[in-house]
Each structure stands twice: as C-alpha cells, then as structure tokens.
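1. what follows is a predicted protein model with its sequence.
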Amino acid sequence: MKDKKLQYATQFMIERYSAWYTHMLTLHLLDTKECTYIKSGGWSKGAIQRTSSELTDDAAKSSLRYFIEVLNYKLHGRKTRKKRYKDKCRILAIPVFEGAKNNKRRHFHILLGNVPQDKLVDLEKTIADCWADTKWSMAGIKLEEIYNADGAAFYLRKEVGYCNDDAVLWEFASIPNRLIGKSA
C-alpha cells in the first residue's frame, strides 16, 4: 500500500537540512562474506577453517555506524570529542538504507555536509579509506556533488511509503547540534 503522506513528511524532514548538503554518497554492501582462519587449539590445531556468513540488517547498520564515526573523526579530528567544539565540528550525514525489504542489492545513500574546506580535495579518498575499514564494505564508492538538494531529498524518499518505511536511518544520522537548534 502506498503512503504518500509518510513519503512527503520524510522528504520535508530531509529538505530541512538542504542548505548544508554538499555531496551525495553511495556505498554498496557485500551479500556474503568468506572468512578463512587457522585453528589455534584442539586436536585440529593448525587446520584451515573456512566459514561463510550472510549480511544481516543489523550488521549493515553496524558498519554504517562505524563508518560515520570514523569519517567524522578523519574530517574534524579530535575536536569531535570535545564538548566545546562538538556542535560545530561534526559532519552532517543522513543515511538511507535501500534494498533491505526488496530484491535490490543492499546499499546506503548518504547526504553529506559540513565538510571542512581543506578536506574537500581528498574527500573521495578519505571516504574510500574509511569505508574499506568496515566489515561489509564493497569496493567502489560513488560521490557526487549536489546541485539540487530538494531533488536529492525527493530521490532518497523513494522507498518510504512503498516497501520500507524505515529506509531513512535517523538513529544513525550525524547532525550538528547547531542545525537542530540545541546547544551542547
């Protein structure tokens, strides 16, 4: 069943921060992961063990949480942990998880903003390095500058109201306090 009101409400919430978006990021996830390790104890000590595991939604969200925190630290440094700078020195990242409840490959779209000007030159490399450190990352990222923030919000709400009402992961969003209206 289509829920247009939920879709428009989600779009309105995303558009609220449209003045601060600068980039749209797409990150793909592995569906399965093969692991090989050497047993360290027991009668089969030294044997090579192979396992395969499937991606779960919780594992994907855990990778996303780790990625956003590491990227935030790489872009703003130690200031992200200090109370005095916390409301200014935090990236704006609003993630959308697509493919969780349909047949598409699971991936994230993330609206990025509040990136320091001196870090924009190496932004794609920094993002690639941070994403490669996560457990379920798939090689290849897509980073695009945003010229129409409202169009990006319209695109990101496409699964909301149709197949995945929880596509926008507000609980993992990184929003500086000054944009919310709170002081630290």
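-> Arrived safely, thanks for sending.

2. tell me where this structure has helices.
-> Ranges of helices within the chain are 4-15, 57-76, 123-132, 149-156, 177-180, based on DSSP state H.

3. and of those, who's closest to Asn102?
-> With Cβ to Cβ as the criterion, Asn102 lies closest to helix 57-76 of those, at 12.8 Å. (C-beta placed from N, C-alpha, C; glycine too.)

4. chain center to the closest one, what's the gap?
-> Taking Cα atoms, centre = their mean, to the nearest Å, one finds helix 57-76 lying 6 Å from the centre of the chain it belongs to.

5. same deal with stretch 126-142?
-> The chain centre lies 10 Å from the centre of stretch 126-142; the measure is Cα atoms, centre = their mean.

6. can I get that stretch in CSV, CA atoms only?
-> Output of stretch 126-142 as CSV, limited to C-alpha atoms (Å, rounded to 0.1, in the frame of the first residue of the first chain):
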residue,chain,number,x,y,z
THR,A,126,39.2,9.7,2.7
ILE,A,127,35.7,8.2,2.3
ALA,A,128,37.1,5.2,0.4
ASP,A,129,39.7,4.5,3.1
CYS,A,130,37.1,4.8,5.9
TRP,A,131,34.6,2.5,4.0
ALA,A,132,37.3,-0.1,3.3
ASP,A,133,37.9,-0.4,7.1
THR,A,134,34.3,-1.6,7.7
LYS,A,135,33.4,-5.3,7.7
TRP,A,136,30.8,-5.5,5.0
SER,A,137,32.2,-2.9,2.5
MET,A,138,32.2,-3.5,-1.2
ALA,A,139,34.9,-1.8,-3.3
GLY,A,140,33.8,1.2,-5.2
ILE,A,141,32.0,4.3,-3.9
LYS,A,142,30.1,6.9,-5.8
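
7. who's in contact with that stretch?
-> Stretch 126-142 is contacted by residues 25-30, 33, 55, 59-60, 62-64, 66-67, 70-71, 74-75, 119, 124, 143 when judged by Cβ atoms under 8 Å, 6 or more residues apart in numbering.

8. pLDDT-wise, which helix or strand of this structure ranks last?
-> helix 177-180 (a mean of 61; mean pLDDT, DSSP states H and E).

9. do you know how far the residue nearest to Ala59 when sequence neighbours are not counted is from Leu169?
-> In space, and not counting its chain neighbours, Ala59 is closest to Trp136: 6.0 Å by Cβ to Cβ, 6 or more residues apart in numbering. Distance of Trp136 to Leu169, given as Cβ to Cβ, to the nearest Å: 15 Å.
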